[in-house]
Every structure is written in structure tokens, then in C-alpha cells.
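Visitor: Below is the sequence, then the predicted model.
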Amino acid sequence: MKGKQGGDSQPETEAAEIRLNLPAEIRFLNVLGATVTALVERIPRIPQPEQLAFDVGLAAHEVCTNIMQHAYAEYPGRVEIVITLAPAPRRLIIEFQDTGRVFDLSSVREPDLDQAQIHGYGLFLVRALVDELDYIPAAGNNRWLLVKYLANGEENRQ
């Protein structure tokens, strides 16, 4: 990512990439959240950066929590995470890779919002918070991909 933090008018011409390799333990989710927030704070010309950091951070937490609790339910593991700020089109991409159990995304039903339930809202929430959600299962190499498109602050001015 080129340019200074905040209102620099130079275009971003290179992708900025951050890599994390976390133990599959809930206590390390704060590292993911802090990284997403720190990256969003450094993106110039975006409207409502605090809301963007919250939304994308929450979506990332949900996916990572599911990996930690379900893919690695029976044994310890690690979650590799690549967070990329891509310039054209401007978007934030978060990719998760794990070697845990394969998940059947098609088996997840939309929650019945008229009925109270304790579980089952996670993927529904993720889909609402990001623009693209993809899951590619493979024995020994599962991949989750979250994409959030970013508007320039100038595009939203009247």
C-alpha cells in the first residue's frame, strides 16, 4: 500500500498483505481482530472506517471461531490467515486455511429469525457483513475466503 495514512490522494497500486499463523485456540482471536482493525485504520479514503473494522472483524471472528471449534474439535491445529488490501477494485480479502475436518457448507440452513435459537447465526451473519463468502473444502487444506469491497470516501460525498 502506498501513500500516507489518511487522506493521501495517491492511488494505491500494490496490494498490502498481512499473514498470521495462529494456534486454533479461541484465546488467540484477539490477534486477528487487532490485525483487521489496524489494517483498516491505514486504508485511506474510506467512509466509516470504524464500522468497516467492526463488520469485517466480526465476520473474520465468526469464520475463525467455526474453524477452531469444528474443524479442530478433536485435535489441535493451526489457522493460516492472509489479509490482503487489494487496489483494483479496492477490496479487503481475508483467506483462512486449515487442515482440520471438512465442513459441508450446503448443510447449513438459514436461521429462522422468528424462532429463538442459540446456535446457527454465524454464517448468516458473515454473509450479511461481507460481499463474498466462499468455502473450498479439501482433505488437509480447507479454504475460506471473505471479500469486502471498499468505496472511496469521495464516491460517497454529495
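Guide: Structure received.

Visitor: Please make it C-alpha for all contacts and neighbour counts, starting now.
Guide: Will do.

Visitor: mind checking pLDDT for the most centrally placed residue in the chain?
Guide: Nearest residue to the geometric centre of the chain (Cα atoms, centre = their mean): residue 60, 3.6 Å. Here, the pLDDT recorded for residue 60 equals 97.

Visitor: Is it in a helix, a strand, or coil?
Guide: Following DSSP: H, G, I helix; E, B strand; the rest coil, we place residue 60 in the helix state.

Visitor: just checking, what packs against the worst-scoring helix or strand of the chain on mean pLDDT?
Guide: Between all helices and strands in the chain, the lowest mean by mean pLDDT, DSSP states H and E belongs to helix 122-129, at a mean of 87. Where contact means 3 or more Cα pairs under 8 Å, 6 or more residues apart in numbering; DSSP states H and E, helix 122-129 is packed against helix 49-66.

Visitor: Can you give the strand pairings for the helix or strand following the helix it packs on, parallel or anti for each?
Guide: Scanning forward in sequence from helix 49-66 by DSSP states H and E, the next helix or strand is strand 78-87. Next to strand 78-87 in the sheet, as set by DSSP bridges, lie strand 16-23 (antiparallel), strand 90-98 (antiparallel).

Visitor: And strand 78-87, what's buried?
Guide: For strand 78-87, a neighbour-count test (16 or more other Cα atoms under 10 Å) marks 78-87 as buried.

Visitor: from the chain's centre, how far out does it sit?
Guide: Chain-centre distance of strand 78-87: 8 Å, with Cα atoms, centre = their mean, to the nearest Å.

Visitor: and it with helix 49-66, angle?
Guide: Regarding strand 78-87 and helix 49-66, their directions subtend 150 degrees when assessed with axes from the mean of the first three to the mean of the last three Cα atoms, to 10 degrees.
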